[in-house]
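Peer 1: Could you work out the structure for the sequence below:
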Amino acid sequence: MLEIAENGRTWVLSGPASSYAVHLTEDDELLHLHWGPAIALADAEELAARPLPVGSSFESPLDGREEYPVEGGPRFARPALSVRTPGRRGTEWTFERYDTEGDELRLRFRDTGLAITLHYRMRGDVVERWTSLGNDGAEALELLRADSAVWTLPEREGWRLSQLHGRWAAESRLVRSDLTYGEKVIGSRRGHTGHQHLPWVALDTDATEERGEVYGCALGWSGSWRIAVAQLPDARVQITGGAGYDDSGLLLLEAGESFTTPVFAGLWSDAGFGGASRTWHDYQRTYVIPDADQDRPVLYNSWEATQFDISEEQQETLAQRAAALGVELFVVDDGWFGKRTSDRAGLGDWTPNPDRFPAGLKPLADRVHALGMQFGIWVEPEMVNADSDLYRAHPDWVQHQEGRKRTEFRNQLVLNLAREDVQEYLWEQLDGLLSSAPIDYVKWDFNRCFTDAGWPGDAYPQRLWVDHVRALYALFDRLRAAHPGVAFESCSGGGGRIDLGILSRTDQVWTSDNTDPLDRLAIQHGFSQIHPARVMAAWVTDSPNTQLNNRVSSLRFRFVSAMAGVLGVGGDLSEWTEEELAEARRWVDLYKEIRPLVQHGDLHRLRPPSGGLSAVQYVRGDETVVLALLQAQHYGEPVPALRLRGLDPTASYECLETGEVHRGAVLLHHGLRTGLRGDLDATVIRLRRI
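Peer 2: Residues are numbered from 1 along each chain as shown. The predicted structure follows:
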């Protein structure tokens with residue numbers, strides 16, 4: 001809901017439980033009024049009538065109170081907007097007007113030839129904010145920085161910052177720390193979202209998993225980005241975020257050109273970290289993720305079984321075994337195209353290897369479909385090997401600095417997707433590929449960060465950082481429109497490209513290359529702070545885990561760990577015993593029963609993966625399921641009981657595993673203690689309202 005004051009200078013956006021309010025002064029200063037529990041327009045007008053405090057002449061009364069601080073004028077806080085024109089720097093805007101379209105509020109400002117529009121939209125209790133900039137003057141404008149939004153928090157004592165940090169194979173690990181004076185900056189300067197940080201922060205003072213106020217912000221951008229959390233000298237806190245890591249140059253806007261920033265979304269919750277997560281999950285399933293109401297299928301991926309040594313016959317044999325497990329989607333990973341017999345050749349040549357697939361991919365896809373499964377492939381379109389037909393024909397198509405060595409990581413170079421000829425080449429290759437065979441799914445990888453991000457000959461080569469991402473989004477949009485039945489997964493070496501921007505164009509994400517079921521507990525715990533299980537791909541692979549750490553774990557533990565998201569299998573099925581295959585079939589069948597709860601239900605994190613018992617619960621309608629994993633048991637201590645969440649306290653629930661009937665607040669004892677024994681054990685407990 002959007003409410004507007006009669007004078008047209010105070011605006012209140014409200015969701016089911018929260019409100020967001022801003023006010024424009026007579027001097028055209030846009031001030032933040034409120035973000036928190038729901039308020040009425042009259043409350044916002046009362047806040048707007050209060051004068052700004054008069055402080056020291058060494059400080060600005062605007063700092064920590066402005067809605068979107070720009071560079072220049074009477075302010076010292078980090079600017080969200082930094083613009084250069086010939087002979088002038090900074091911004092001095094005037095208010096032009098506001099307008100609305102549906103549930104979107106637009107506040108329009110101008111500084112000579114620069115048009116600035118701040119956009120607001122309430123989606124449930126998530127506020128979407130973004131900014132658009134247009135050059136309708138005669139001279140070019142350089143955008144050094146154009147953040148999506150600035151979030152202002154109420155005055156509190158003792159703020160605490162939550163963030164998700166990591167590295168390859170150890171992504172999205174949650175850390176909480178006291179916020180101190182100055183700035184805390186996280187981001188990526190690598191050209192993609194990155195393994196090091198997810199673009200999300202949360203702030204609280206005393207919240208628990210189920211109680212207390214939590215403020216959260218998440219950026220929807222799949223390139224380099226930055227979020228800065230600043231505690232200002234007067235203890236106020238502001239959060240600034242947007243595309244680009246530094247202020248060295250974002251885009252050059254020629255006359256008539258425009259730029260729209262990514263969405264920087266925020267929410268307030270008084271239901272603790274769990275309540276904030278559930279609000280984020282509902283928002284993404286409702287407004288962000290394509291076809292989120294559809295179940296994601298159980299998949300099998302052939303990479304760990306075959307790596308680069310693949311053939312059509314071998315893939316068909318694996319497909320037969322996968323179908324016998326109840327798998328619904330069979331995926332051929334790397335090695336099917338070009339001269340791709342190792343990671344040193346073939347990237348860029350997206351046609352089936354004629355020695356391995358003499359008639360292309362269609363015969364194998366048809367046989368996979370005949371087995372009752374969908375068919376998928378792996379691609380890495382933004383990359384190229386030096387040993388490829390594409391690179392030999394177009395060495396100028398890669399990012400590089402003139403006169404400098406072309407650095408290779410993983411024997412790869414990065415295609416300059418900002419170039420229109422590269423965009424058209426990839427469209428022709430991928431559209432042709434998806435038209436050549438009945439392909440249902442594409443695992444889209446991105447395994448090489450930007451390093452030599454140059455564009456010789458371009459008038460403003462820095463633009464490739466932004467234009468690469470804009471072209472990537474346009475390519476996804478074009479492919480989805482032309483092939484609406486194809487689902488896409490964002491991979492990026494595991495968790496390297498996970499954000500609200502890529503999730504608006506893909507059906508799921510590859511959470512991490514680390515498939516060790518114990519390591520995955522912490523990775524999945526962090527991931528769930530912001531993103532729903534509906535997009536979190538998780539595989540069961542071989543034991544010992546020779547890909548990473550040689551840890552030995554039971555098939556039971558591996559399956560229950562992976563069943564917390566979109567279940568997949570990635571082991572070498574040709575080496576699994578008949579007993580293992582039979583057990584796996586039972587777990588797959590069970591997952592299909594609980595899948596609607598896991599992928600579409602409300603998540604409650606009952607116990608974090610901090611050493612002993614870890615447990616998550618999913619609730620949907622009259623049903624609930626608990627995935628409990630015992631990491632270690634010490635000194636003969638009994639498995640602790642679990643108090644379930646999100647159930648009707650006046651109702652009774654039957655435990656399907658034990659037959660016990662629980663009334664009111666359910667406390668699980670017996671099912672846990674009989675189902676969990678020793679280290680690395682796991683169990684699934686289902687309850688239904690009776």
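
Peer 1: ok, how many other residues are close to Leu361?
Peer 2: 23 (other Cβ atoms under 10 Å). Placement of C-beta: from N, CA and C, glycine included.

Peer 1: Tell me the buried residues in the one helix or strand in the chain whose mean pLDDT sits lowest?
Peer 2: Every helix and strand in the chain was compared by mean pLDDT, DSSP states H and E; the lowest is helix 670-675, with a mean of 75. For helix 670-675, the neighbour count (16 or more other Cβ atoms under 10 Å) marks 671-672, 675 as buried.

Peer 1: cool, and stretch 352-364?
Peer 2: Buried-residue list, stretch 352-364, by 16+ other Cβ under 10 Å: 352-353, 356-357, 360-361, 364.

Peer 1: distance between stretch 188-196 and the chain's centre?
Peer 2: Taking Cα atoms, centre = their mean, to the nearest Å, the mean C-alpha location of stretch 188-196 is offset from the chain mean by 12 Å.

Peer 1: Give me the contact list for that stretch.
Peer 2: 165-168, 171, 187, 197, 199, 221-225, 245-246, 414, 446, 449-450, 453, 465, 468, 492-499, 502 (Cβ atoms under 8 Å, 6 or more residues apart in numbering).

Peer 1: Just the buried ones out of those residues, please.
Peer 2: 165-166, 168, 171, 187, 197, 199, 221-225, 245, 414, 446, 449-450, 453, 465, 468, 492-499, 502.

Peer 1: Can you tell me which of those end up in helices?
Peer 2: Of the buried ones among the contacts of stretch 188-196, the ones assigned to helices by DSSP state H are 465, 468, 502.

Peer 1: ok, now which ones touch Arg448?
Peer 2: 383, 409-410, 412-414.

Peer 1: now, which of these sits nearest Ser435?
Peer 2: Taking Cβ to Cβ as the measure, Ser435 lies nearest Met383 of these, at 22.3 Å.

Peer 1: Tally up the residues packed near that closest one, please.
Peer 2: Neighbour count for Met383, taken as other Cβ under 10 Å: 21.

Peer 1: And it, how far from Ala169?
Peer 2: 20 Å (Cβ to Cβ, to the nearest Å).

Peer 1: sorry, back to before: okay, the ones in helices among the buried ones among the contacts of stretch 188-196 in CSV with pLDDT next?
Peer 2: Listed next are those as CSV, based on pLDDT from 0 to 100:
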residue, pLDDT
Trp465, 98
His468, 98
Ile502, 98
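
Peer 1: Name the nearest residue to Arg556, sequence neighbours excluded.
Peer 2: Of all residues not flanking Arg556 in the chain, Ala682 sits nearest, at 5.5 Å (Cβ to Cβ, 6 or more residues apart in numbering).

Peer 1: doesn't that neighbour fall inside a strand?
Peer 2: Yes: assigned with DSSP: H, G, I helix; E, B strand; the rest coil, Ala682 falls within a strand.

Peer 1: residues touching it, list them.
Peer 2: 554, 556-557, 559-561, 627-630, 676.

Peer 1: Show me the residues you listed that map onto helices.
Peer 2: Checking the contacts of Ala682 against DSSP H, those in helices are 556-557, 559-561.

Peer 1: before we move on, back to that, want to try CSV for the contacts of Arg448, with distance to Phe95 and pLDDT as columns?
Peer 2: Shown next, in CSV, are these (distance: Cβ to Cβ, whole Å; pLDDT from 0 to 100):
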residue, distance to Phe95, pLDDT
Met383, 46, 98
Phe409, 48, 91
Arg410, 50, 92
Gln412, 49, 96
Leu413, 47, 97
Val414, 42, 98
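
Peer 1: Could you dump these into JSON lines with distance to Pro484 added?
Peer 2: Below are the contacts of Arg448 laid out as JSON lines (distance: Cβ to Cβ, whole Å):
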{"residue": "Met383", "distance to Pro484": "26"}
{"residue": "Phe409", "distance to Pro484": "35"}
{"residue": "Arg410", "distance to Pro484": "33"}
{"residue": "Gln412", "distance to Pro484": "31"}
{"residue": "Leu413", "distance to Pro484": "32"}
{"residue": "Val414", "distance to Pro484": "29"}
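
Peer 1: among these, which two are most distant?
Peer 2: Arg410 and Val414 (10.8 Å).

Peer 1: wait, isn't Leu590 in contact with Thr683?
Peer 2: No: if you go by Cβ atoms under 8 Å, Leu590 and Thr683 don't touch, sitting 11.1 Å apart.

Peer 1: So these two - more neighbours on which side?
Peer 2: Per other Cβ under 10 Å, whichever of Leu590 and Thr683 has more neighbours is Thr683, with 22 against 17.

Peer 1: The more buried one contacts Arg677, doesn't it?
Peer 2: No: judged on Cβ under 8 Å, Thr683 makes no contact with Arg677 at a distance of 9.7 Å.

Peer 1: what is in contact with the two at once?
Peer 2: Common neighbours of Thr683 and Arg677 (Cβ under 8 Å, 6+ apart) do not exist.

Peer 1: What is the end-to-end distance of stretch 445-460?
Peer 2: 28 Å (Cα to Cα, to the nearest Å).

Peer 1: How far off centre is that stretch?
Peer 2: So, by Cα atoms, centre = their mean, the centroid of stretch 445-460 is 23 Å from its chain's centroid.

Peer 1: low pLDDT regions in this protein?
Peer 2: 664-665 (pLDDT under 70).

Peer 1: Tell me which residues touch the residue nearest the centre of it, please.
Peer 2: Centroid-nearest residue in the chain, with Cα atoms, centre = their mean: Asp499, separated by 2.7 Å. Shown in contact with Asp499 (Cβ under 8 Å, 6+ apart): 193, 198-199, 218-222, 225.

Peer 1: Need these in TSV (columns: distance to Ala80).
Peer 2: Formatted as TSV, the contacts of Asp499 follow (distance: Cβ to Cβ, whole Å):
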residue	distance to Ala80
Thr193	21
Leu198	21
Pro199	16
Ala218	17
Leu219	13
Gly220	16
Trp221	15
Ser222	20
Trp225	14
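
Peer 1: wait, which of those residues is closest to Asp507?
Peer 2: For the contacts of Asp499, the residue nearest Asp507 by Cβ to Cβ is Ser222; the value is 15.3 Å.

Peer 1: From Leu500, how far off is the closest one?
Peer 2: Ser222 is 9 Å from Leu500, by Cβ to Cβ.

Peer 1: For stretch 390-398, what is the distance to the chain centroid?
Peer 2: Using Cα atoms, centre = their mean, the offset of stretch 390-398 from its chain centre is 32 Å.

Peer 1: End to end on it, go ahead and measure it.
Peer 2: OK, stretch 390-398 end separation, Cα to Cα: 10 Å.

Peer 1: go on, stretch 540-560?
Peer 2: First-to-last distance for stretch 540-560 - Cα to Cα - comes to 9 Å.

Peer 1: Can you give me the buried ones in it?
Peer 2: 540-543, 545, 547, 553-560.

Peer 1: What of stretch 382-396?
Peer 2: 382-391, 394.

Peer 1: hmm, who's touching it?
Peer 2: Counting by Cβ under 8 Å, 6+ apart, 338-339, 343-349, 397-398, 406, 408, 411-415, 417, 425-426, 446-448, 456, 468, 472 sit against stretch 382-396.
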